[in-house]
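Chemist: Structure for the following, please:
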Amino acid sequence: MIGMLMSSLGQMIFSTALPTIVGDLGGVEQMSWIITIFLMTMTIGLPIYGKLGDQIGRKPLYIFALVMFLLGSVIGGFAQNMNMMIVARGVQGIGGGGLMVLSQAIIADVVPARQRGKFMGVMGAVFGLSSVLGPLLGGFFTDGPGWRWTLWFNIPLAVIAIVMAVLFLHLPKRATGLDIDVWGTATLAVGTASLILVATWGGRQYDWASAQIIGLSVLTVVCIVAFVLIERRTRSPLIPMHLFGVRNFVLSTIAGFIVGIIMFGTLSYMPTYIQMVHSMSPTRAGLMILPMMVGLMVTSIAVGQFVSRTGRYKWFPVLGMVVTAVAMVFMGRLEAHDSLTHLGVILFVYGFGLGCTMQIIVLIVQNAFPVSMVGTATASNNFFRQIGGALGSAVVGSVFTHRLSASIADNAPDAFRAAASEVGPEKAGALAQMFENGGAHNLTPSTLSTLPSAVHEMILQAYNSALTPVFIALAPVVLVAAIVLAFNRQDELAETVE
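Modeler: Modelled structure (predicted):
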């Protein structure tokens, strides 16, 4: 649980701290790398840790991952420039990938599938808690003791986890011998890195039609083709192609990819929406996500307990995706002046749906394979969910920023004409000039409240109309996941670990 907590927090905790970090360390042009490098090294590490865990055992790898996460936190805590911080986040990501997959695979090593539901439910609750808690903690540390505590607070957690793992983690010896898929690992690493760079840079740092994005896209496709050809021929593939011949794995992995898209696409931009539309500080906006966390945690734990007690699991993810789709439709119908209570109820329903789905998908995947392959299968499922998350954040962000710019450009002239009668032509003209020079994208909730009422209202409506239709557009994609999951087989959950 501690490993899962640190790994998940690492993905989200810097979202609210980035502006302050850049102010302290400089290097604004490198800002995106603080998030990108962590996501890149973590995602690449997932299948590698999964395969190595099956080959040499999970305990030494888990301790290694904890040490790497600890080392990255120490380096980052003492970073004096942006390059040092980027290195620290890369090292953290190397550890984070292992913590994410091994924490789940270790449970499969010692708990039979029939009893695993209640444990996976708790792990899912921890993942949901940290995904929501990340931005909140980032804002809390930045506003309080300082942004470096977003790294230093990992140190006692990692030390506790390392000591506990060394003394108390006793796993069966199932090592099959080290056999590294060098070329498969290389092509997967390059292909994943280029795909994440396309998702991160496309439409932001570079035009989608730019040579950089097109070149990276071509490199991604070439690496995917090469990886599949290599994996079909190598003796010990990193991601064995026969995994994709197992029905429950394929269907659950498709659904996991979609869950990644909608979860990270929503969590990446909902706090910004709340801050701007409801004029909240980062910390208060993070607190407004708590209803989602409560829905996810309660449902994840309750469903896990029910699955362990009855052995029935097939329809929970289907129900979860239907509920999530309904919640996204209601998100898409939000108005700028809707109450916070209304928003909180919708977020609770959204979390309820995800809680029925996320960890049960992992359980279905693990139950489809012998324990000797559970690390590889779990890692592959997590890998595709992470890829979905990277693409979801990129697509939602690109559409959101494009629609926001278009809405402000269309409505600003009327808003400034109305503002002229409120604050005078001279001040309204200065504000209009600031907006023309890109100032609209540098607004904060505190500065928004100082704008003339007509301009203030225009910004609220622009943020609302830019983001909410994206949620409605994603709802049918969630229903596709529900349909896909409905074709999973209800295989009997194993009563023993072997």
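Chemist: Could you use CA atoms for every contact and neighbour count after this?
Modeler: OK.
Chemist: gap between the residue nearest to residue 212 when sequence neighbours are not counted and residue 407?
Modeler: Excluding its sequence neighbours, the residue lying closest to residue 212 (CA to CA, 6 or more residues apart in numbering) is residue 206, at 7.2 Å. Using CA to CA, to the nearest Å, residue 206 is found at 22 Å from residue 407.
Chemist: same check, this time on residue 301
Modeler: Taking CA to CA, one finds residue 301 at 42 Å from residue 407.
Chemist: Show the contacting residues for residue 427.
Modeler: By CA atoms under 8 Å, 6 or more residues apart in numbering, the contact list for residue 427 reads residue 420.
Chemist: can we see that at 10 Å?
Modeler: 416, 419, 420, 433, 452 (CA atoms under 10 Å, 6 or more residues apart in numbering).
Chemist: so what's residue 96 up against?
Modeler: Contact analysis of residue 96 by CA under 10 Å, 6+ apart lists 3-11, 38-39, 41-43, 45-46, 65-66, 68-69, 89-90, 102.
Chemist: How far off centre is the longest helix along the chain?
Modeler: The residue-count maximum for a helix in the chain (DSSP state H) belongs to helix 374-423. The chain centroid and the centroid of helix 374-423 are separated by 15 Å, computed with CA atoms, centre = their mean, to the nearest Å.
Chemist: just checking, what packs against it?
Modeler: Other elements packing on helix 374-423 under the criterion 3 or more CA pairs under 10 Å, 6 or more residues apart in numbering; DSSP states H and E are helix 31-56, helix 82-110, helix 182-201, helix 247-277, helix 358-367, helix 425-436, helix 453-486.
Chemist: What is the neighbour count of residue 64?
Modeler: 17 (other CA atoms under 10 Å).
Chemist: separation between it and residue 102?
Modeler: 11 Å.
Chemist: Overlap of the contact sets of these two?
Modeler: With CA under 10 Å, 6+ apart as the test, residue 64 and residue 102 both reach residue 58.
Chemist: shouldn't residue 393 be in contact with residue 261?
Modeler: Yes. In this structure, residue 393 is within contact of residue 261 by CA atoms under 10 Å, at 7.0 Å.
Chemist: Output stretch 112-128 as PDB - backbone C-alpha positions only.
Modeler: Output of stretch 112-128 as PDB, limited to C-alpha atoms (Å, rounded to 0.1, in the frame of the first residue of the first chain):
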ATOM      1  CA  PRO A 112      -5.400 -16.800  -3.800                       C
ATOM      2  CA  ALA A 113      -7.500 -15.100  -6.500                       C
ATOM      3  CA  ARG A 114     -10.700 -15.900  -4.500                       C
ATOM      4  CA  GLN A 115      -9.500 -13.900  -1.500                       C
ATOM      5  CA  ARG A 116      -7.600 -11.300  -3.600                       C
ATOM      6  CA  GLY A 117     -10.600  -9.100  -4.300                       C
ATOM      7  CA  LYS A 118     -10.600  -7.500  -0.800                       C
ATOM      8  CA  PHE A 119      -6.900  -6.800  -1.000                       C
ATOM      9  CA  MET A 120      -7.100  -5.400  -4.600                       C
ATOM     10  CA  GLY A 121     -10.100  -3.300  -3.500                       C
ATOM     11  CA  VAL A 122      -7.900  -1.600  -0.800                       C
ATOM     12  CA  MET A 123      -5.100  -1.100  -3.400                       C
ATOM     13  CA  GLY A 124      -7.600   0.500  -5.700                       C
ATOM     14  CA  ALA A 125      -8.800   2.700  -2.900                       C
ATOM     15  CA  VAL A 126      -5.200   3.800  -2.300                       C
ATOM     16  CA  PHE A 127      -4.700   4.500  -6.000                       C
ATOM     17  CA  GLY A 128      -7.800   6.600  -6.100                       C
END
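Chemist: State the separation between that stretch and the centre of the chain it belongs to.
Modeler: With CA atoms, centre = their mean, you get 19 Å for stretch 112-128.
Chemist: Make 41 the starting number, not 1.
Modeler: Happy to do that; since the first residue is 41 now, the last one works out to stretch 152-168.
Chemist: what's the distance between residue 401 and residue 367?
Modeler: From residue 401 over to residue 367 (counting by CA to CA), the distance is 20 Å.
Chemist: er, residue 62 I mean
Modeler: From residue 62 to residue 367 the distance is 36 Å (CA to CA).
Chemist: out of these two, which sits in the more crowded spot?
Modeler: residue 367 (24 against 16).
Chemist: Which residue comes closest to that one once chain neighbours are left out?
Modeler: Among residues not flanking residue 367 along the chain, residue 390 sits closest, at 5.2 Å (CA to CA, 6+ apart).
Chemist: Okay, buried residues for the helix or strand where the one you found lies please.
Modeler: Assigned by DSSP states H and E, residue 390 belongs to helix 380-395. Buried residues in helix 380-395, defined by neighbour count with 16 or more other CA atoms under 10 Å: 383, 384, 386, 387, 388, 389, 390, 391, 392, 393, 394, 395.
Chemist: cool, and stretch 403-421?
Modeler: Of all the residues in stretch 403-421, those buried under the rule 16+ other CA under 10 Å are 403-409, 411-421.
Chemist: Ok, stretch 430-445 next?
Modeler: 430-438, 440-441, 443-445.
Chemist: sorry, back to before: who has more neighbours out of residue 341 and residue 447?
Modeler: Taking other CA under 10 Å, residue 341 and residue 447 do not tie; residue 341 has more neighbours (23 against 18).
Chemist: Could you report the pLDDT at the more buried one?
Modeler: pLDDT, residue 341: 88.
Chemist: repeat for residue 299
Modeler: The model's pLDDT for residue 299 equals 91.
Chemist: how much space between it and residue 125?
Modeler: 30 Å.
Chemist: just for the stretch 91-240 of the chain, where's the confidence low?
Modeler: 214-216 (pLDDT under 70).
Chemist: how about a cut-off of 80?
Modeler: For the stretch 91-240 of the chain, the stretches flagged by pLDDT under 80 are 153-154, 164, 167-169, 171-173, 175-176, 179-180, 182-183, 212-219, 240.
Chemist: repeat for the stretch 341-490 of the chain
Modeler: 411-412, 433-434, 437-438, 441-442, 445, 448-449, 451-490.
Chemist: rewinding a little: just the closest of the buried residues of helix 380-395 to residue 267, please.
Modeler: When these are compared for distance to residue 267 (CA to CA), residue 394 wins out at 31.6 Å.
Chemist: who's in contact with residue 417?
Modeler: 87, 90-91, 94, 141, 145, 279-280, 283, 289, 293, 402, 405-411, 423.
Chemist: ditto for residue 490
Modeler: So residue 490 contacts residue 496 (CA under 10 Å, 6+ apart).
Chemist: On the three-state scheme, it is what?
Modeler: Put simply, residue 490 is coil when judged by DSSP: H, G, I helix; E, B strand; the rest coil.
Chemist: How about the backbone phi and psi for it?
Modeler: Note on residue 490: its backbone torsions stand at phi -90, psi -10 [degrees, to the nearest 10].
Chemist: Compute the distance between it and residue 318, please.
Modeler: 14 Å.
Chemist: again with residue 342
Modeler: Using CA to CA, one gets 33 Å for the distance from residue 342 to residue 318.
Chemist: repeat for residue 107
Modeler: 41 Å.
Chemist: Specify which residue of these two has the higher count of neighbours.
Modeler: The neighbour comparison of residue 107 against residue 318 (other CA under 10 Å) goes to residue 107, with 20 against 17.
Chemist: what's the helix or strand for the more buried one?
Modeler: With DSSP H and E as criterion, residue 107 is part of helix 98-117.
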